[in-house]
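Peer 1: Predicted model follows, preceded by the sequence.
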Amino acid sequence: VEKQIAELRGQIEKHNYAYYVLDQPSISDAEYDELMRKLMELEEQYPQYKTPDSPSQRVGGAPLEAFQKVTHRVPMLSLSNAFNEGDLRDFDRRVRQEVGDVRYVCELKIDGLAVSLRYEDGYFVQGATRGDGTTGEDITENLKTIRSLPLRLRKQVTIEVRGEAYMPRKSFEKLNEKRKMNGEELFANPRNAAAGSLRQLDPKVAASRQLDIFAYHVVNAEELGILSHSAALNYLDELGFKTNPARQVCETIDDVLSYIEQWHERRASLPYDIDGIVIKVDAFAQQKQLGATAKSPRWAIAYKFPA
Ligand SMILES: COc1nc2nc(N)nc(N)c2nc1C
């Protein structure tokens, strides 16, 4: 039976990854539900074979009394903002003055909720909100219900990852439809809906909200021998995380400006809200040279789209 349960677990997670991370369903919903039902029935009968990475955790367990506090070993900083081309050219000038020739990575700035995810030997062990940057709330049980969040990595590594949890626009519209029918107060936007969903003490509520997550940062990248942010993102893909496919390496600030122009136009075609573009110095050695202020890294900047 133990082998049968392990077999089922592997199958379900494989279909889960295909559907939620690759966006390429590999079986029908009905077949998927049948596999899940079978797994939960066997785990009910043989609880000794239940493992921390079992997909049965994704439906959410018992409600919590309260959220525990979590201290971030590495503070979760925020990004300084740029509002126009001048701000971006100033940033580029400052960076080049300090580190000379430089490559940037541009990414979409997802309008969600920053979270920190800790994995030990490849298993998801804890997830927390940003909070005040130093202390956040433990929302592990809620994060486990996000289907694109791997419960077990493809490599047995101990890693801390930062990402943006968000609610796709379709999920947001469906949720507000339902709330309208029930005469409940509507969420103002997907970001508030995502925050509200992850702050629920009952994980079953979070599980019902069809949240998603993009991983965008490896905290202990250098310890893992990774030398640049673009390499860190590719490593996250290898581990089984969902990263944002629109990222692009830019050699000049003019390339950055055209990336921004491109995504400002294509913004409405995305299935989620973005509130800007994040520009980061790619090489970690140069990030280190530039360092950070108490509040934000000096090697990154967020260009905010005009509201
Ligand atoms: C390295 O620090 C950061 N990187 C980020 N990257 C993306 N794509 N989106 C963010 N919101 C973000 N926020 C921070 C603080």
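Peer 2: On my side now, so go ahead. Residues are numbered from 1 along each chain as shown.

Peer 1: what residues does this structure put near the ligand?
Peer 2: Counting by Cβ under 6 Å from any ligand atom, the positions of the chain adjacent to the ligand are 77-79, 107, 109, 114, 164, 216-217, 278, 297, 300. Any C-beta I mention is one placed from the backbone N, CA and C, and that applies to glycine too.

Peer 1: quick one, longest helix in this protein?
Peer 2: As assigned by DSSP state H, the longest helix anywhere in the chain is helix 29-45.

Peer 1: what separates that helix from the chain centre, distance-wise?
Peer 2: Offset of helix 29-45 from its chain centre (Cα atoms, centre = their mean, to the nearest Å): 27 Å.

Peer 1: what's next to it, contact-wise?
Peer 2: Residues from elsewhere that reach helix 29-45, judged by Cβ atoms under 8 Å, 6 or more residues apart in numbering: 1, 4-5, 8-9, 11-12, 15, 19, 27, 49-50, 54-56, 59.

Peer 1: how about the helices in the stretch 1-150 of the chain?
Peer 2: Using DSSP state H, counting those that start in this stretch, the helices of the stretch 1-150 of the chain run over 2-16, 29-45, 85-99, 140-143.

Peer 1: so which of the ones you listed is the most packed in?
Peer 2: Comparing these by mean neighbour count (mean count of other Cβ atoms under 10 Å), helix 140-143 ranks first with a mean of 24.

Peer 1: after that helix comes which helix or strand?
Peer 2: With elements assigned by DSSP states H and E, the helix or strand that comes after helix 140-143 is strand 159-166.

Peer 1: can you list the residues that contact that next one?
Peer 2: 73-74, 76, 110-119, 143, 146, 153, 190-191, 194, 198, 211-220, 224, 236, 239, 241, 272-273.

Peer 1: partners of that strand, with directions?
Peer 2: strand 113-120 (antiparallel), strand 212-218 (antiparallel) (DSSP bridges).

Peer 1: Mind exporting the C-alpha coordinates of that strand to PDB?
Peer 2: Provided in PDB are the C-alpha atoms of strand 159-166 (Å, rounded to 0.1, in the frame of the first residue of the first chain):
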ATOM      1  CA  ILE A 159      16.700  27.200  -0.100                       C
ATOM      2  CA  GLU A 160      14.700  30.400   0.700                       C
ATOM      3  CA  VAL A 161      12.700  31.800  -2.200                       C
ATOM      4  CA  ARG A 162      10.800  35.100  -2.500                       C
ATOM      5  CA  GLY A 163       7.800  35.300  -4.700                       C
ATOM      6  CA  GLU A 164       4.600  37.200  -5.500                       C
ATOM      7  CA  ALA A 165       1.300  35.400  -4.600                       C
ATOM      8  CA  TYR A 166      -1.500  36.800  -6.700                       C
END
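
Peer 1: In the helix or strand where E177 lies, which residues are buried?
Peer 2: According to DSSP H and E, E177 maps onto helix 169-181. Neighbour-count burial for helix 169-181, counted by 16 or more other Cβ atoms under 10 Å, picks out 171-172, 175-176.

Peer 1: before we move on, what about stretch 123-140?
Peer 2: Using 16+ other Cβ under 10 Å as the burial criterion, the residues of stretch 123-140 that qualify are 123-124, 126-131, 136-140.

Peer 1: Could you do stretch 243-252 as well?
Peer 2: 243-244, 246-248, 250.

Peer 1: again with stretch 284-291
Peer 2: For stretch 284-291, burial by neighbour count (16+ other Cβ under 10 Å) applies to 284, 286-287, 290.

Peer 1: cool, and stretch 152-169?
Peer 2: Burial within stretch 152-169, assessed by neighbour count using 16+ other Cβ under 10 Å, is assigned to 152-153, 157, 159-168.

Peer 1: if I pick the residue of the stretch 51-200 of the chain at minimum distance from the ligand, what's in contact with it?
Peer 2: For the stretch 51-200 of the chain, the residue closest to the ligand is E107, as judged by Cβ to the nearest ligand atom, at 3.9 Å. Counting by Cβ under 8 Å, 6+ apart, E107 touches 216, 244, 246-247, 277-278, 280.

Peer 1: just wondering, since we're on it, how far is it from P245?
Peer 2: According to Cβ to Cβ, to the nearest Å, E107 and P245 sit 10 Å apart.

Peer 1: Compute the number of surrounding residues for Q24.
Peer 2: Neighbourhood size, Q24 [other Cβ atoms under 10 Å]: 8.
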